[in-house]
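[1] need coordinates for the following:
(chains A and B)
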Amino acid sequence: MNRTTLPSLLSGILFGAGLALGGMTDPARVRGFLDLFGAWDPTLAFVMGGAVIVMAIAWRVVARMRQPWLTEAFHLPTRADLTPRLIGGAALFGVGWGIAGLCPGPGIAALVIEPMSAAVFVAAMLVGMAAVRLVEGTPA
Amino acid sequence: MTLPGYPEAAPLAGLAGGVLIGLAAAVMLLGLGRIAGVSGIAAKAAGLGGSGIARSGAWTFLVGLPLGALLVSLAQGGIAASFASTPVLVIAGLLVGIGTRLGSGCTSGHGVCGVSRFSARSIVATLTFMAAGIATVAAMNALGLEVLP
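    The predicted model follows:
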């Protein structure tokens, strides 16, 4: 337990509550959004829109900050290169997302809604992550 | 409230949920100086690389996700959800795990945190995984593959 523990927990709780409130823990709703050429359900666009608006404001605030409120420094992605790995990985992720209607956040949050199904998804996801790690090796 | 033409949609609940997700990511960013990307945090917690907060913080964040969903479920008297069968979940989970590591993020890290920062990588990744998801659902529907009960 240190001073990052409670903010991390608070962030996770808010995140999980937002996913559940927005209907994102129901794969049927997520697949409904991806069913653009069928019975399209635009709810996910409202979820993403709400989150992006709040975060766009947060980024404006960050631009005026020297350091985070509770830690020494910002650790943020700096890369700007568009690589085949980025696009190929995003495409593979999108296929998996479309197949079952689950991405990592809702999969983990759903552990309290449909524990067995969510656990199977999360376990398989971790195996997939481990496979990438195994093939690529541990970065120096 | 419903959207005309889209009786299934829940725009207000969606917007409210989105604002909570944005606040969650803002706490992580402003408080701890990190990106709230769930795939990276999950990898970090599992010792599989990943990014973002230190490992202990990664675990508490991940524990918070189902806790938050549980609070909403208790407040609403349950949450409707239908999940695919085990083999389908395994295939989808493997693809999501591999894809998010290769693609450096998922719906939260790229779709929420990166898009709102106007990151070119995140915008390209988000457009790519959305297009792939839409194409996948369209193809499955065309083939008559129904995965949800």
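
[2] contact partners for the residue nearest the centre of chain A?
    Residue closest to the mean C-alpha point of chain A, counted by Cα atoms, centre = their mean, is A:Gly105 at 4.8 Å. By Cβ atoms under 8 Å, 6 or more residues apart in numbering or on different chains, the contact list for A:Gly105 reads A:Phe15, A:Gly16, A:Leu19, A:Met24, B:Val38, B:Leu65, B:Cys106, B:Thr107, B:Ser108. Backbone N, C-alpha and C define where each C-beta goes, glycine included.

[3] for A:Arg31, see how far away B:Leu148 is.
    7 Å (Cβ to Cβ, to the nearest Å).

[4] and what of A:Phe121?
    Applying Cβ to Cβ to A:Phe121 and A:Arg31 gives a distance of 14 Å.

[5] list phi and psi for the residue nearest to the spatial centre of chain B.
    Centroid-nearest residue in chain B: B:Thr107, 4.6 Å away (criterion: Cα atoms, centre = their mean). Note on B:Thr107: backbone dihedrals following degrees, to the nearest 10 are phi -60, psi -30.

[6] what sits against it?
    Contacts of B:Thr107 by Cβ under 8 Å, 6+ apart are A:Met48, A:Trp97, A:Cys103, A:Pro104, A:Gly105, B:Val38, B:Thr126, B:Phe129.

[7] now distance to B:Gly50 and secondary structure too, for the contacts of A:Gly105, in CSV please.
    Shown next, in CSV, are the contacts of A:Gly105 (distance: Cβ to Cβ, whole Å; DSSP: H, G, I helix; E, B strand; the rest coil):
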residue, distance to B:Gly50, secondary structure
A:Phe15, 16, helix
A:Gly16, 19, helix
A:Leu19, 20, helix
A:Met24, 22, coil
B:Val38, 10, helix
B:Leu65, 15, helix
B:Cys106, 12, coil
B:Thr107, 16, helix
B:Ser108, 13, helix
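
[8] can you tell me which of the residues you listed are buried?
    A:Phe15, A:Gly16, A:Leu19, A:Met24, B:Val38, B:Leu65, B:Cys106, B:Thr107, B:Ser108 (16 or more other Cβ atoms under 10 Å in any protein chain shown).

[9] and the second one, what does it touch?
    Which is A:Gly16. Contacts of A:Gly16 (Cβ under 8 Å, 6+ apart): A:Gly105, A:Ile108, A:Ala109, B:Gly64, B:Leu65, B:Pro66, B:Leu67, B:Gly68, B:Ala69, B:Leu70, B:Leu71, B:Val72.

[10] same question for the third one.
    Listed by Cβ under 8 Å, 6+ apart, the contact partners of A:Leu19 are A:Thr25, A:Gly105, A:Pro106, A:Ala109, B:Gly17, B:Ile21, B:Leu65, B:Gly68, B:Ala69.

[11] swap in 6 Å and give it another go.
    A:Thr25, A:Gly105, A:Pro106, A:Ala109 (Cβ atoms under 6 Å, 6 or more residues apart in numbering or on different chains).

[12] how about the fifth one?
    Going by Cβ under 6 Å, 6+ apart, B:Val38 touches A:Pro104, A:Gly105, B:Ser108.

[13] what is the burial count for the nearest residue to B:Ser39 once chain neighbours are set aside?
    The shortest distance from B:Ser39 to any non-neighbouring residue, by Cβ to Cβ, 6 or more residues apart in numbering or on different chains, is to B:Thr100 (3.6 Å). Neighbour count for B:Thr100, taken as other Cβ atoms under 10 Å in any protein chain shown: 35.
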